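Asker: fold the following for me, if possible:
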Amino acid sequence: MGSIRADLGSRIHPEPIDHFDHLPDSVILLIFNKIGDVKALGRCCVVSRRFHSLVPQVDDVIVRVDCVISDDDPSAASSASSAASDKFRHPISSLLRIFSGLFKPLQSLTQLITPSARRLPSLSADFDSESDQSSVTHHSPTQVLKNFKEIKFLRIELPSGELGIDDGILLKWKADFGSTLDNCVILGASSVVHNINNGRDCNNNNNNNNTNNAVVENDNGSIPESFYTNGGLKLRVVWTISSLIAASARHFLLQPIIAEHKTLENLILTDADGQGVLSMNKEQLEELRVKPLSASLASKRTLVPALNMRLWYAPHLELPNGMVLKGATLVAIRPSEQSKKEATGSDGNWVASAFEEPFRTASRMLVKRRTYCLEMNSF
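Answerer: Predicted coordinates:
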């Protein structure tokens, strides 16, 4: 009689079916790759043992660094939350800092992606106590990623750019590296103005147009004499050197990650401000593994080789979307040892396409202007 009742009970209240269990591993991995974010993947690990075993197979990963802490100051970890909001006011300071400081979810991830299944219950409790700031610990991206075995596409995002610049100034750079710098493009402007009149105030528009026309009439494509006397050239040199230092410091820090993950095919290290982007493709990654980088003896960064540079300048550059760049400057950089290729020729797409819109249009407009060639020694 008891067995009959149990059978009836199971028919009336059947065991719940988890349809997710019917999905093949390949589909779940596809979902995990769409998620990408390493913190979210860390939380997925505590869901089930199946997820726990699949997360290390993800091949498309995004690491968003919460804060940057000094590797020389042991007390920095306790103040890491405030460090995330600090802008580096000097580019050299970036060399004294490492992009570590990933919070509790990543600590859980590094613990989770280990064979011990007995850890699962306790780690679930870890996430429940995640809001306890006193227990926050920090891990570098190298530590967090060490248990991922099949990463092909990796994107690391710093909380901010290294270069502390005043409000209103535009400074963006993009650099490609192999074992050393392959190329770098820098776009800067002393100020950015957005045209918001849109025809509402005709008198103001007419005045602005008259001013703009006067600027255009005096602009014959050459750099004005005032550029050299009012500090304009000096400022551009500072922008260039600072951007190259920031890029070479990032490249140096990527060394252990690249050595550890042989399956990497594409690596991007950027920042939330969109100030700088370092990228490496499959061939460049392999080059670094075969030919170790040359480190600067003065600091923790890759040695910058002797460089050939091309510079374009416009005192006033109005873009189709109404944005106006004043003192717009574009610098295209390549190592001197590379064969000289015209940045405006068939190979010049790396200059014009370095940035997203509207700055891509600005780059294309600038490369049509008069070109100035410069050289820089290795540093």
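Asker: where along the stretch 151-300 of the chain do the strands fall?
Answerer: Applying DSSP state E, counting those that start in this stretch to the stretch 151-300 of the chain gives strands spanning 153-158, 170-177, 181-189, 191-194, 266-271, 276-280.
Asker: dump those strands to CSV, plus mean pLDDT, mean neighbour count and distance to residue 326.
Answerer: C-beta here means a position set from N, CA and C on the backbone, and glycine is covered the same way. As requested, those are arranged in CSV below (pLDDT from 0 to 100; neighbours: other CB atoms under 10 Å; distance: least, CB to CB, whole Å):
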stretch, mean pLDDT, mean neighbour count, distance to residue 326
strand 153-158, 95, 20, 28
strand 170-177, 96, 22, 9
strand 181-189, 96, 23, 6
strand 191-194, 90, 13, 5
strand 266-271, 96, 20, 24
strand 276-280, 97, 22, 22
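Asker: so which of those is nearest residue 48?
Answerer: strand 153-158 (25.2 Å; CB to CB).
Asker: partners of that closest one in the sheet?
Answerer: Using DSSP bridges, the strands paired with strand 153-158 are strand 60-64 (parallel), strand 266-271 (parallel).
Asker: what residues does that strand touch?
Answerer: Strand 153-158 has contacts (CB atoms under 8 Å, 6 or more residues apart in numbering) with 36, 59-65, 68, 99, 141, 145, 257, 261, 264-272.
Asker: quick one: mean pLDDT for stretch 26-43?
Answerer: What stretch 26-43 shows for mean pLDDT is 92.
Asker: for stretch 295-303, same thing?
Answerer: Stretch 295-303 comes out at a mean pLDDT of 81.
Asker: and stretch 365-379, by the same measure?
Answerer: 93.
Asker: what comes up buried for it?
Answerer: Going by neighbour count (16 or more other CB atoms under 10 Å), the buried part of stretch 365-379 is 365, 366, 367, 369, 371, 376.
Asker: as CSV, those residues with secondary structure and distance to residue 226 would be great.
Answerer: Below are these laid out as CSV (DSSP: H, G, I helix; E, B strand; the rest coil; distance: CB to CB, whole Å):
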residue, secondary structure, distance to residue 226
365, helix, 21
366, helix, 19
367, coil, 23
369, coil, 17
371, coil, 20
376, strand, 24
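Asker: save these as a markdown table, and put in distance to residue 233 too.
Answerer: Listed next are these as a markdown table, based on distance: CB to CB, whole Å:
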| residue | distance to residue 233 |
| --- | --- |
| 365 | 21 |
| 366 | 16 |
| 367 | 19 |
| 369 | 16 |
| 371 | 15 |
| 376 | 14 |
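Asker: ok, back up a step: need the strands of the stretch 151-300 of the chain in TSV with distance to residue 331, can you?
Answerer: TSV is the format used below for the strands of the stretch 151-300 of the chain (distance: least, CB to CB, whole Å):
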stretch	distance to residue 331
strand 153-158	22
strand 170-177	9
strand 181-189	4
strand 191-194	18
strand 266-271	19
strand 276-280	14
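Asker: to residue 328, which of those lies closest?
Answerer: Comparing those under CB to CB, the one sitting nearest is strand 181-189, at 4.8 Å.
Asker: what's that closest one packed up against?
Answerer: Applying 3 or more CB pairs under 8 Å, 6 or more residues apart in numbering; DSSP states H and E, one finds that strand 181-189 makes contact with strand 170-177, helix 232-253, strand 323-335, helix 349-352, helix 359-366.
Asker: need the contact partners of it.
Answerer: In contact with strand 181-189 (CB under 8 Å, 6+ apart) are residues 169-176, 236, 239-240, 243-244, 247-248, 251, 284, 302, 304-305, 307, 317, 325-335, 350-351, 354-355, 359, 362-363.
Asker: for residue 25, give me its contacts.
Answerer: Residues near residue 25 by CB under 8 Å, 6+ apart: residue 54.
Asker: all numbers from here: first residue = 656
Answerer: All set: I'll call the first residue 656, so the last point we hit is now residue 680.
Asker: and it, how far is that from residue 977?
Answerer: Applying CB to CB, to the nearest Å, the value for residue 680 to residue 977 is 51 Å.
Asker: follow-up on the earlier one: show the buried residues in the contacts of strand 836-844.
Answerer: Neighbour counting with 16+ other CB under 10 Å marks 825-831, 891, 894-895, 898-899, 902-903, 906, 939, 957, 959-960, 962, 972, 980-990, 1005-1006, 1009-1010, 1014, 1017-1018 as buried within those.
Asker: that older thread, now render the helices and strands packed on strand 836-844 as JSON lines, adding distance to residue 878.
Answerer: Compiled in JSON lines, the helices and strands packed on strand 836-844 are given as follows (distance: least, CB to CB, whole Å):
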{"stretch": "strand 825-832", "distance to residue 878": "18"}
{"stretch": "helix 887-908", "distance to residue 878": "8"}
{"stretch": "strand 978-990", "distance to residue 878": "10"}
{"stretch": "helix 1004-1007", "distance to residue 878": "18"}
{"stretch": "helix 1014-1021", "distance to residue 878": "12"}
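Asker: pick out the shakiest of those, pLDDT-wise.
Answerer: Among the helices and strands packed on strand 836-844, helix 1004-1007 scores lowest, at a mean of 86.
Asker: put the alpha carbons of that one into CSV.
Answerer: What follows is helix 1004-1007 as a C-alpha-only set of coordinates in CSV (Å, rounded to 0.1, in the frame of the first residue of the first chain):
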residue,chain,number,x,y,z
ASN,A,1004,45.1,52.5,-43.3
TRP,A,1005,46.7,51.7,-40.0
VAL,A,1006,46.8,55.4,-39.3
ALA,A,1007,43.4,56.4,-40.6
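Asker: where in the stretch 706-855 of the chain is pLDDT low?
Answerer: 723-793, 851-855 (pLDDT under 70).
Asker: no more questions from me, cheers.
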